[in-house]
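A.B. asks: kindly generate the corresponding structure for this input.
(chains A and B)
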Amino acid sequence: MNNFGSFSELRNVISSGKASVENLVADCLIRAKENIGLNAFLEIFEEESIKKAKEIDEKIGQKKSGRLAGLVVGIKDVFCYENHFLTGGSRILSGFKSQFTATAISRLIDEDAIVIGRQNCDEFAMGSSNENSGFGPVKNFIDKNRVPGGSSGGSAVAVQSGACHVSIASDTGGSIRQPAAFCGLVGLKPTYSRVSRHGLIAYGSSFDCVGPLTNSVEDAGLLLEIMSGADGFDSTCSRKPIDNYSLFNENDRKYKIGFLRTAFDSEGIQQEIRTELQKAFSFFQSQGHEVVAMDLPLLDYVLPTYYVLTTSEASSNLSRYDGIRFGARAVDAKDLEEVFKLSRSEGFGPEVQKRIMLGTFALSADYHEAYFTKAQKVRRLIQNSAKALFNNFDFFIMPTTPTTAFNVGEKSKDPLSMYLADIFTVWANLAGVPAINLPVGFDNEGLPIGIQVHSGFFEEKKLLSFSKSWMDFINASKENQL
Amino acid sequence: MKNNYTLVIGLEIHAQLQTKSKMFCTDAVQFGAEPNSLTSPISLGHPGAMPVVNKKAVEFAIKMGLACGCKINELNYFDRKNYFYPDLPKGYQTTQDKAPICVGGAVEIRSGNGEKKTVRLNRIHMEEDAGKLIHLEGNADSFIDLNRAGTPLIEIVTEPDLRSAGDASTFLMAIRKLVRYLEICDGNMEEGSFRCDANVSVMPTGSTEYGKKVEIKNMNSFRFVQKAIDFEFSRQCNLLENGAEILSETRMFSAETGETYAMRSKETMNDYRYFPDPDLQPIFVDEKWLNSIREKMPPLPAFLFEKFTSHYLLTENDATFLTENRETALYFEALCLSKIPAKISANWLMGTVQSYLRENNLEMNQFPISASSLGELIQLVLDNTISHTIAAGELFNQLVLSPETPPINLAEKLNLFQNSDEAFLKEAIDKILLQMPDKVAAYKSGKKGLLGLFMGELKKATQGKADPRLSSQLLERALN
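C.D. replies: Numbering: from 1, shown residues only, chains lettered A, B, ... in the order given. Next comes the predicted model:
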């Protein structure tokens, strides 16, 4: 499947003349078509990407190519891409074409990345299994009976199956890291506000982050370096200078690393995942780092706080899909109110409708204080405790998911157990800190296991260097086993 | 019956800010453009579009706050007000609820009887305007024009300090005067760039407990504001007198009937679900920014009124007239600066200039003659070079037509100089007196008021060019 480690290998292949960019694109297109049944793509830009590949091959010949020349990128269908359809995984946007390109995507294109297609996802990025898409579920490449995780399931499966080299996705409560864990990829959620949200369909605006799904930590760093930084179109985007995330300094610094104590012995967590966590603990200890098993303050409040706040924001963010100016309008609406009600009832899937109603309730006059305001206060406490944690620790490690990829249909009838799949990922979004899923191993059935590393605000550079050296060790020991 | 009740009014005034672009995007702000030509993904509420605050609009709001003595909130932020309507592209209005940019403040007005009253402000906040629904005659469809969507507004909210419809209208005029002085809003009620809603309640005279308040909308002129409030006052008093209950509701004013009517209750039952807009950073107004705005503040009507009465010693009536708009006030000061005595400057502006503007339906900013040129013209009168009548008549009319030509050149060309030739005037006077022996006799028997008549005849005989001072001397000499 993934027959390359990182983009630098592909660049070497191109510069040595063994393959052209056009060859690489063609290769991806073949894999995408072979695996069309996985439903990872909503649209493949076949002609367009081949044409673009030829142009870039020429640019390479003239030594005028950008840093991402040869990289084939898939985009989760939540990013505006000028003159291309945009659905957000929803029927309500049918027929809608973007009039501009998202900042994160245009920065990649400016460096000669090729966008190969729009990827399936849970509707409006709401879901943990990619079973909520208006365009059918996505299947895990390793086992078609398993979910790929969500909401960026299509983006994960596309990389997993070799249909593109990397994907760009969004992470509101784990939507990059959880599918990365289920599909054996590196998935990075940067610090909130590190990457511009301009051109990203909003779900929970104060949570939404743009990040990459990749085969390697190096690629994650490279993409982050190119996508991040201030943006005149998003005033909430951080103006902090960006680090050279693509440079990895070897160092033998000794770190202080916290591990989630309950994850070692909680019955709710799959045995093999606990074992991987224990292995990591021992490994870092043996490397001379200071490792501490500790509790995460307020962990019990993380899920309710997350769902109150994201659904509240979503109920407002999704109000613009009203059937008036674009997208689907109910044909049999008889008056204005019916245009709104029928268009939204027909256009939105059940999970989205549920979350809109939850959020509308949490913001309503009689319950605002009890839910929205209270949740905001808890979030502030979580943010403060995260600050305090990273004043004392360099990294915090916990599993990305309680289990490996579950079966298709297994949890779709049980929303609470579905929401529990996000228990370890939403904390980083509530706090705003960066977190990365690392594919550290496999369970007994050969399904990928992901472990998640967190660092302090805007410490992506440190987080990525640490992650790379860990993955280098894991990959080296795998090779030794072979 | 109304004597038994006290009318209590609070106003909510919306003023569209005259910025070049909209509150959160670069679309142009313009009235009357082709429908939907001034839109973009941001003002259309497209997925992925994000707002960016127009700094100029924030400065305009701060200016108004400073002009009204408000406290400027160092940290203020935008909230979302959620409701569905076709003219509201995002399904929410971006406005300020919890932390408005300006808090408190007050504006002083002069009641009809000249009494000064202070109207306290609750707040001034920023928000964006909605689009417009258009209904064409004979067509059942509704059309939407989103050109106005996203236009920056400030909403000025008063405390319930107003006690009569007249005061409400006076206050509204005072606010319009301020926004025009500050050049932040054109104050045009007909085009809807300046709008007002009123919260009206009544309470038994002497009571301190306010009655149930009714919100009145759709009053698009000063007269309608007065009419609507007066109607509402009677309506509410009648209800109470008949033992009926007043409903807290929103009512619309109908210009046709002069009455208010209840909106469908559904439209008033919105739960707006306010919360801070996560797409915008809070606005931080630091001392440096505030000071730079303070330095740019123009002189305001209250300050100028005080200056005109105490420094230039004008009457309150004159000062009120001259401070009615910024252009007139500045023009007056410019005339004074060119050494024309204040009272004479005021008289010219209130007389000749004002009638010219009124006849031609012009505003002061459209007056063609510069203050320095009008000053030269007036100076010709003060120097006795030209009579006042001719200056305010023929010469003024010519100067309007060629405002670039120096008045003295015009006067020379048109031969308008005053005649001070004693022999010539004497001869003319003798001729007139000879023709009116009975009037001369009457004058001599004590009817001194007839002097004016003789002067008038002399003016006629000399086409107005007789030097009035010399003429009256000569006249008196001839008569005595």
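
A.B. asks: alpha carbons only for contacts and neighbour counts from here, please
C.D. replies: Fine.

A.B. asks: need the phi and psi values for A:Met471.
C.D. replies: Note on A:Met471: its backbone torsions stand at phi -60, psi -40 [degrees, to the nearest 10].

A.B. asks: cool, and B:Val179?
C.D. replies: Main-chain torsions, B:Val179, degrees, to the nearest 10: phi -60, psi -30.

A.B. asks: just the element for the nearest residue to B:His388 once chain neighbours are set aside, please.
C.D. replies: Spatial nearest neighbour of B:His388, excluding adjacent residues (CA to CA, 6 or more residues apart in numbering or on different chains): B:Val381 at 5.7 Å. Assigning secondary structure by DSSP states H and E places B:Val381 in helix B:371-382.

A.B. asks: and for that helix, what's in contact with it?
C.D. replies: B:331-332, B:334-335, B:338, B:340, B:386-388, B:391, B:396, B:403, B:406-408 (CA atoms under 8 Å, 6 or more residues apart in numbering or on different chains).

A.B. asks: what number of residues lie near residue 455?
C.D. replies: Picked chain A for this. 27 (other CA atoms under 10 Å in any protein chain shown).

A.B. asks: chain B is the one I meant
C.D. replies: 19.

A.B. asks: now do the contacts for it.
C.D. replies: Listed by CA under 8 Å, 6+ apart, the contact set of B:Met455 reads B:468, B:471-472, B:475.

A.B. asks: against chain A, how distant is it?
C.D. replies: B:Met455 is 75 Å from chain A, where distance means CA to the nearest CA, to the nearest Å.

A.B. asks: A helix includes that residue, no?
C.D. replies: Yes. The assignment for B:Met455 by DSSP: H, G, I helix; E, B strand; the rest coil puts it in a helix.

A.B. asks: let me know the pLDDT of it.
C.D. replies: What the model reports as pLDDT for B:Met455 is 86.

A.B. asks: number of residues surrounding the nearest residue to B:Gly105 once chain neighbours are set aside?
C.D. replies: Nearest residue to B:Gly105 in three dimensions, chain neighbours excluded: B:Cys70, at 3.9 Å (CA to CA, 6+ apart). For B:Cys70, the count of nearby residues is 23 (other CA under 10 Å).

A.B. asks: what sits against B:Cys70?
C.D. replies: Contacts of B:Cys70 by CA under 8 Å, 6+ apart are B:102-106, B:121, B:123.

A.B. asks: bridged to B:Tyr92, which residues?
C.D. replies: With DSSP bridges applied, the residues forming beta bridges to B:Tyr92 are B:Asn82.

A.B. asks: OK, contacts around it?
C.D. replies: A:316, A:319, B:80-84.

A.B. asks: show me what from the stretch 1-150 of chain A comes close to chain B.
C.D. replies: Applying CA under 8 Å from any CA of the partner chain, we find that the stretch 1-150 of chain A lies next to chain B at A:79-80, A:99, A:102.

A.B. asks: from those, which two are the most distant?
C.D. replies: Maximum pairwise distance in these, criterion CA to CA, is 11.4 Å, between A:Phe79 and A:Gln99.

A.B. asks: so which of these two has more stuff around it?
C.D. replies: A:Phe79 (32 against 17).

A.B. asks: now the more buried one. Its backbone dihedrals?
C.D. replies: phi -110, psi 130.

A.B. asks: next, the closest residue to it other than its chain neighbours: phi, psi?
C.D. replies: In space, and not counting its chain neighbours, A:Phe79 is closest to A:Leu200: 4.7 Å by CA to CA, 6+ apart. Here is the backbone geometry of A:Leu200 (degrees, to the nearest 10): phi -100, psi 130.
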